[in-house]
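[1] Okay, predicted coordinates and the sequence, questions at the end:
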Amino acid sequence: MKIFFLVLSALFISFWATGFRINVTPSLPLGLYRLSDILAVGGSTIFCLESPEFIHLAKERGYVGFGLCPGGIRPLGKEIYGLTGDVVGLTNGLITVNGRILAGSGKKDKDRKGRAMPVSQLQPGVIPKGYALMLSLHHCGSFDSRYFGLVRLAEQRPVVPVLTWNEEDHHDRK
């Protein structure tokens with residue numbers, strides 16, 4: 001059994017060192033991703049929360065699991081909806097980017113356990129240099145830029161899917 005554990009650990013370390021990441025959260029499609037250099041609207045990234053307030057909230061409420069980010073939490077995985085120079089707005093409670101309404105982008109007042117969500121830190125205006133708008137619109141309860149605001153590009157680790165499946169597809173197989 002010890003040999004099996006050692007081999008499994010060595011495989012995991014090799015896997016990690018070569019840039020592969022596994023997503024088990026609903027913020028991105030479930031599956032296998034690989035780190036990339038491509039940072040573009042429509043792409044996906046992983047990043048660590050920087051604000052102690054939001055790190056504490058995410059940890060306390062169980063929005064993210066244990067990981068290597070500050071506060072001992074797992075990195076968040078989100079999609080890029082806006083980059084430096086894009087214009088973010090709010091229309092009827094929905095986020096707009098460059099005038100385009102993002103369906104499903106409304107802020108929730110309560111999380112799935114009925115707890116009040118934080119006041120939004122996202123402000124309308126031009127996304128400043130070095131920042132991005134990070135959302136997960138296929139997961140209606142996502143903890144993302146709607147709440148903690150824009151994310152520094154320096155924190156972003158772009159990822160590309162290698163093998164993914166929809167959570168709904170996964171549940172249908174049970």
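    That came in fine, so what should we check first?
[2] Please identify the buried residues of the lengthiest helix in the chain?
    Counting residues, the longest helix found in the chain (DSSP state H) is helix 2-17. By neighbour count on 16 or more other Cβ atoms under 10 Å, the buried set for helix 2-17 is empty. Using the backbone N, CA and C atoms, a C-beta is placed for each residue, glycine as well.
[3] So which other helices or strands are in contact with that helix?
    Helices and strands touching helix 2-17, as assessed by 3 or more Cβ pairs under 8 Å, 6 or more residues apart in numbering; DSSP states H and E, are absent.
[4] CA atoms only: put it into CSV for me.
    The C-alpha atoms that make up helix 2-17 are tabulated as CSV, following Å, rounded to 0.1, in the frame of the first residue of the first chain:
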residue,chain,number,x,y,z
LYS,A,2,2.9,2.4,0.8
ILE,A,3,4.3,1.8,-2.7
PHE,A,4,1.0,2.5,-4.3
PHE,A,5,0.7,5.8,-2.3
LEU,A,6,4.3,6.8,-3.3
VAL,A,7,3.7,6.1,-7.0
LEU,A,8,0.4,8.0,-6.9
SER,A,9,2.1,10.9,-5.1
ALA,A,10,4.9,11.0,-7.7
LEU,A,11,2.3,10.9,-10.5
PHE,A,12,0.4,13.8,-9.0
ILE,A,13,3.6,15.9,-8.5
SER,A,14,4.6,15.2,-12.1
PHE,A,15,1.1,16.1,-13.3
TRP,A,16,1.1,19.3,-11.3
ALA,A,17,4.7,20.3,-12.3
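[5] dump the residue contacts of residue 93.
    106, 107 (Cβ atoms under 8 Å, 6 or more residues apart in numbering).
[6] For this protein, which segments are assigned as strands?
    Assigned strands in the chain, in chain order: 20-23, 30-35, 44-47, 76-83, 87-91, 94-97, 100-101, 125-126, 131-135, 151-152, 157-165 (criterion: DSSP state E).
[7] Quick one: closest of those to residue 61.
    Closest to residue 61 of the strands of the chain is strand 76-83 (Cβ to Cβ; 13.5 Å).
[8] Show me the contact partners of the closest one.
    Residues outside strand 76-83 that contact it (Cβ under 8 Å, 6+ apart) are 23, 25, 27-28, 33, 39-49, 64, 88, 95, 97-98, 102, 127, 132-137, 142-145, 153, 156, 159.
[9] Sweet, I'm off.
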